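The sequence and its predicted three-dimensional model are supplied below.
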Amino acid sequence: MRRRHFIALLGIAAAWPLGVPAQQTTTRRVGALLNGTALDPVHKWYWEPFADDLRKRGWEEGRNIIFEKHFVGSDPARFPELAAELIALKVDVIVTANTQAAAAAQNKTMGSLEEYVNLRVLGSV
C-alpha cells in the first residue's frame, strides 16, 4: 500500500509543470489531500521524497511554493469536504496520496467521469 501512495504522489508531481524556472516571482500553492495526520510516520515516508524532489527542482517552501496539507485523520469520508476547502483556497494543484482522495478532488473540480460522459452524450443529441 505504501508503494502505491508514493507512486501516486510521483505520478501527480510528474504531471505538474515543474520544468518552469524557479526564478519566478509567483508563489504557487499546492494543496494536498492526505490520509491520517501530520504526525503519522507514513506521511513522512511519502511526503518527504516529494518535497525533496521539488526542492531539487528549485521549488522551496516559503519562497516560491506554499503547501496546504489537509489530513482526514481516521475518517476518509472527509476527503470531499477537505477537497472543497482546498478549492476555496484557490490552490494551483491538488496532490493526493490515494484514489479515494483523487476521486474526491476530481468530483469537486470537474464532476465525476459519469457526469462528464452523460453531459457529452446529452450535449451531442
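Okay, I see it. Since we're looking at a predicted model, the values are computed, not measured.

Show me what counts as buried in stretch 33-46.
33, 34, 35, 43, 46 (16 or more other Cβ atoms under 10 Å). Where you see a C-beta, it was placed from the backbone N, CA and C, and this is true even at glycine.

Apologies, that question was intended for stretch 83-94.
Judged by neighbour count using 16+ other Cβ under 10 Å, the buried positions of stretch 83-94 are 83, 85, 86, 91, 93, 94.

and the two most separated of these?
Farthest pair in the buried residues of stretch 83-94 (Cβ to Cβ) is 85 and 93. Separation: 15.0 Å.

in what helix or strand does the residue nearest to residue 80 when sequence neighbours are not counted lie?
Distances taken as Cβ to Cβ, 6 or more residues apart in numbering place residue 104 nearest to residue 80, at 4.5 Å, with adjacent residues excluded. Assigned by DSSP states H and E, residue 104 belongs to helix 99-109.
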